[in-house]
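Novice: sequence below, structure please.
(chains A and B)
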Amino acid sequence: MADDRSRTRRARSAPADDAAERPDARPPVPDAGSGARVIPLRTQARRARNATEPSATVEEAMAAHPSGGEPDEGPSAAEEAVERLFAFLRRRLDGEYTVDEFGFDPDLTDNVLIPALRPLYRSWFRVETIGMHNVPDVGGALVVANHSGTLPLDSLMTAVALHDDHPARRHMRMLGADLVFRLPVVGALTRKQGATLACSPDAERLLSSGELVGVWPEGFKGIGKPFRDRYKLQRFGRGGFVSAALRTGVPIIPCSIVGAEEIYPKIGDIKPLARLFGAPYFPVTPTFPLLGPLGAVPLPSKWYIEFGEPIRTDAYDPADADDPMLVFNLTDQVRETIQHTLYRLLSQRRNAFLG
Amino acid sequence: MAPSVVLVTGVSGFLGGHLAARLAADPSIDRVLGVDTVPPPRDLLRRMGRAEFVRADIRNPLISKVISGTSVSTVVHASVSAGPARVGGRTAMKEMNVIGTMQLLAACQKATSVTRVVLKSTTAVYGSSSRDPALFDEAMTPKEMSSGGYGKDAAEIEGYLRGFARRRPDVDVTVLRFANFIGPRIETVLTRYFALPVIPTVLGYDARVQLVHEEDALVVLQRAATEKLPGVFNVAADGVLLLSQAIRRAGRVPLPVPQPAVGPVGKLFRSARIVDFSPEQMRFLNFGRVVDTRRLREEFGFTPRWTTTQAFDDYVRGRALRPVVGDGWVDAVERGALAAVKALG
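Specialist: Model (predicted):
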């Protein structure tokens, strides 16, 4: 009996999985006798854009749903969207998806988390990416970026950039502070989004398995710095990221993010409250805590994310990771590159909100 | 070279009993002795065939007489228990686990016939916290250790075993750190937990759960008992399930409990004798734990037959767990939505 149940369950979910694997697979046409079908242009355009994405996103499905489809013989765009939405729901309800050892859930990331961030990326911050060709299509690489903005929206936007604007639609595996993983909801979602704890075993494991890893070596010093120190890079940790790259021989890609400093200008810090919540800082911005929850709305600054020339590490010996002088020098080189790129981008920018 | 006399502790339990049965079926082993404080259930006893059951308490020095009297060559210590209810409370459990092991090792140290000691340990020795690396390998130590509980017991036991190995360098010591067992037959805290119709979870946390199938665990124990494979090995299946995902696969309904209420709810379940959850197991529900099994595959030479997902599905099938809430309504809603879209178009 139990066998029957599980078999039917698997059988039912199987076609959905198949469809998800083949981007061009279409659900069976109910009345195939009619022959030609009208394929709405909008769908076609979307398909072209999402050529490598396994299935369209729930957000798009939802967006397409109320708009309705063209009356035709085959399944309309809206119907397909509904079918995709339900295929996704069924996968979630049956637990028919896989997560890796780090807890990364690509199904949820592609269908819910990134689509949820996309409006912020496209319309709110109007992110422009520069130098995307510096990020390799395959294989391990370490993206090292400046950190700012009081809340780590810059890391999320970088993840969306590498997924949406990179030709290989890469997932960035972020390395986060342990505080993030201690938080309820946020911690669980961060892991599902592909992040893991910033420690060398995890970093090296990800890099050697050919993942694109993102790291923000300034940590809380960078993200929680006062507004007057904007775009001044803080100390780059202890260079652990350089050691990890040296041990695994992957390139380091300096990444400079302009615009994130202005989203929540931190003009003050209430230390006792920070201690009370066990947080590294309790920010005061022009809108928070003055406007309450409204203060959580980031200011719509115009963003630029520039990926610089990769710094190769495969010429060194993995044992050089234990040479502190080399590690310091490389750390400085990465830091200088990012700082100079930031100055250049800032000098080209006329206005923080208009670009 | 097969050992001549094997002694297995904890034969009333699933793993100890079935291990004794497997060893008894191996003709190259002369004698199999099973030790426990309570006799094994009748069907298990029947399975054990020619294995002899010795009713003895390993906390009692009498165990020394058993070991030297029968010139035991291999000791498989499989009685370290995670469930306080089985032995009557947490204090008794600690005594059984830690003091029992000390007595057993003291007896082994004196007995010159002993050449191999195998310990069934647990990956709980790594603890479970937000500061953990994603995967533990055998050389790592826990970031935060619970003040008491199974993991602490196991860590102390491993400490005593390391001391024993230093004093008796001629003895091959194998420590097997098992992930949580799962399977159609084994009874553990986790198997009872997933059998609940409504499963309490910690609100806002989704643990990464790595399991090991009971059959894989038995094969590993058997090989460690019969072959020379000294060292510490993580034993776990490939792949990971999220707790929420496992609950969905079992067709159960999750009941997220806010963190501050987790303690009282756990106590309620414990006192109602539904599921015997210790505080450290509830920490496990927050963060979970995943281990690296490279050493098991490359040095021990064993690749688990079941992945975590397959092992879990085997458990769901074996226990005939039916979905508490059917997912037929999804089909109904989908049909309705499609009809609505058609009508609109």
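
Novice: for chain B, which spans come out with low pLDDT?
Specialist: B:1-3, B:83-88, B:146-148, B:326-327, B:345 (pLDDT under 70).

Novice: swap in 80 and give it another go.
Specialist: The model of chain B has pLDDT under 80 over residues B:1-3, B:81-90, B:144-148, B:270, B:272-281, B:324-331, B:345.

Novice: for the residue in it that chain A sits nearest to, give me its contacts.
Specialist: Chain B approaches chain A most closely through residue B:204 (2.6 Å), counting by Cβ to the nearest Cβ. For glycine as for every other residue, the C-beta is placed from the backbone atoms N, C-alpha and C. Neighbour list for residue B:204: A:183, A:184, A:185, A:186, A:187, A:188, B:256, B:259 [criterion: Cβ atoms under 8 Å, 6 or more residues apart in numbering or on different chains].

Novice: just confirm it is within a strand.
Specialist: No: assigned with DSSP: H, G, I helix; E, B strand; the rest coil, residue B:204 falls outside any strand and is coil.

Novice: from residue B:323, how far out is it?
Specialist: 25 Å (Cβ to Cβ, to the nearest Å).

Novice: how is chain A divided into domains?
Specialist: A:106-263+A:302-348, A:267-297 (automatic domain parsing).

Novice: now the end-to-end length of the longest one.
Specialist: Start and end residues of domain A:106-263+A:302-348 are separated by 37 Å (Cα to Cα, to the nearest Å).

Novice: pLDDT on it, on average?
Specialist: The predicted model gives domain A:106-263+A:302-348 an average pLDDT of 95.

Novice: how about the strands of the stretch 151-300 of chain B, start to end?
Specialist: B:172-178, B:180-182, B:198-202, B:208-209, B:211-213, B:231-235, B:241-242, B:253-257, B:288-289 (DSSP state E, counting those that start in this stretch).

Novice: chain A now?
Specialist: Applying DSSP state E to chain A gives strands spanning A:128-130, A:141-145, A:172-176, A:196-197, A:212-215, A:252-258, A:268-269, A:283-284, A:304-307.

Novice: residues making contact with the fifth one?
Specialist: Applying Cβ under 8 Å, 6+ apart, the contact partners of strand A:212-215 are A:135, A:140-145, A:155, A:158-159, A:162, A:170-175, A:198, A:203, A:206-207, A:241, A:255.

Novice: coming back round to it: buried ones among the contacts of residue B:204?
Specialist: For the contacts of residue B:204, a neighbour count by 16 or more other Cβ atoms under 10 Å in any protein chain shown gives the buried set as A:184, A:187, A:188.

Novice: residues touching the second one, list them.
Specialist: By Cβ under 8 Å, 6+ apart, the residues touching residue A:187 are A:180, A:181, B:130, B:204, B:205.

Novice: against residue B:62, how distant is the residue in chain A positioned nearest to chain B?
Specialist: Proximity of chain A to chain B (Cβ to the nearest Cβ) peaks at residue A:184, 2.6 Å away. Here residue A:184 is placed at a distance of 51 Å from residue B:62 (Cβ to Cβ).

Novice: for residue A:340, same thing?
Specialist: 77 Å.

Novice: and if you look at residue B:170?
Specialist: Shown here: residue B:170 relative to residue B:62, a distance of 25 Å by Cβ to Cβ.

Novice: residue numbers of the stretch 51-200 of chain B in contact with chain A?
Specialist: B:130, B:131, B:132, B:133, B:134, B:135, B:137, B:140 (Cβ under 8 Å from any Cβ of the partner chain).

Novice: which residue is the nearest non-sequential neighbour of the last one?
Specialist: Right, the one you point to is residue B:140. Sequence neighbours aside, residue B:126 is the residue nearest to residue B:140 in space, at 6.6 Å (criterion: Cβ to Cβ, 6 or more residues apart in numbering or on different chains).

Novice: would you agree that neighbour is in contact with residue B:139?
Specialist: No: the pair formed by residue B:126 and residue B:139 falls short of the contact definition of Cβ atoms under 8 Å, at 11.0 Å.

Novice: mind checking which of these two has more residues around it?
Specialist: Taking other Cβ atoms under 10 Å in any protein chain shown, residue B:126 and residue B:139 do not tie; residue B:126 has more neighbours (26 against 8).

Novice: returning to what we had before: how close does the residue nearest to residue B:140 sit to residue B:81?
Specialist: 19 Å.

Novice: got it, and residue A:111?
Specialist: From residue A:111 to residue B:81 the distance is 43 Å (Cβ to Cβ).

Novice: higher neighbour count, the two?
Specialist: The residue with more neighbours, out of residue A:111 and residue B:81 and counting by other Cβ under 10 Å, is residue A:111; that gives 27 against 19.

Novice: wait, what's in contact with the nearest residue to residue B:145 once chain neighbours are set aside?
Specialist: Nearest residue to residue B:145 in three dimensions, chain neighbours excluded: residue B:127, at 5.2 Å (Cβ to Cβ, 6+ apart). By Cβ under 8 Å, 6+ apart, the residues touching residue B:127 are B:142, B:143, B:144, B:145, B:146, B:151, B:280, B:283, B:289.

Novice: quick check, nearest of these to residue B:29?
Specialist: For the contacts of residue B:127, the closest approach to residue B:29 (Cβ to Cβ) belongs to residue B:151, at 32.4 Å.
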